[in-house]
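Peer 1: starting from these lines, generate the structure:
(one chain, ligands or ions: 1)
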Amino acid sequence: MSYSNIIKNKSIIKNDYRCNNCKCVKKGKPWSIYDYNGIKKLCSYICHTKERTIHPVWDNLVNVEDFENIIIPNFEPVVETFYFKTNLELDELTDEEYTKYMNMREEHYSINPERAKLEEKYVEDENYIDKLENISL
Ligand SMILES: [Zn+2]
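Peer 2: This next block holds a predicted model:
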């Protein structure tokens, strides 16, 4: 990581921030921080997967140290990037897509189990929020 990135990273951590994707105001360190047309912050893995305005994602990442063990897609363009899906997203898959998803999920776990577990936990939290939203309707 470059020195300028370290400085940026430190000054960002202390303050509240607004997630670039869901627009929620959050405290603490963002899940991911980008330097792309100004500093952009994302609050969670879910917002990271939904964010479509930052390209290419990995080249603009500031808090690289949080992602050290993750496979960086830019280095292996053939590899399809795997993202965990929420229950709502899984419901929309065809049988074929679902099988493919489950195979990719297994592969993703085998590459880095700890990271995968953490990512899946974020998706479970999102499932819980979806459930709450459905109840209140
Ligand atoms: Zn967010």
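Peer 1: tell me who's in contact with F67.
Peer 2: Shown in contact with F67 (CB atoms under 8 Å, 6 or more residues apart in numbering): S32, L61. Backbone N, C-alpha and C define where each C-beta goes, glycine included.
Peer 1: D91: neighbour count?
Peer 2: Neighbours of D91 under the rule other CB atoms under 10 Å: 9.
Peer 1: oops, could you answer that again for E107 instead?
Peer 2: 13.
Peer 1: hmm, K40 and N63 touching each other?
Peer 2: No - using CB atoms under 8 Å as the test, N63 is too far from K40 to be in contact (11.7 Å).
Peer 1: now the common contact residues for those two.
Peer 2: In contact with both N63 and K40: I33, using CB under 8 Å, 6+ apart.
Peer 1: max-length helix in this structure?
Peer 2: Counting by DSSP state H, the longest helix found in the chain is helix 113-136.
Peer 1: what sits against the residue positioned nearest the centre of the chain?
Peer 2: Geometric centre of the chain, nearest residue: Y45, 2.8 Å, by CA atoms, centre = their mean. Residues in contact with Y45 (CB under 8 Å, 6+ apart) are W31, F84, L118, E119, Y122, V123.
Peer 1: do you know how far the first one is from I135?
Peer 2: W31 sits 26 Å away from I135 when distances are taken as CB to CB, to the nearest Å.
Peer 1: neighbour-wise, which of the two wins?
Peer 2: W31 (19 against 7).
Peer 1: is stretch 129-137 positioned near the ion?
Peer 2: No - Stretch 129-137 does not reach the ion (CB under 5 Å from the ion); its nearest approach is 11.4 Å.
Peer 1: got it, and stretch 45-58?
Peer 2: Yes - Stretch 45-58 comes into contact with the ion (CB under 5 Å from the ion), by way of C47.
Peer 1: for that stretch, what is the average pLDDT?
Peer 2: The average of the pLDDT scores along stretch 45-58 is 78.
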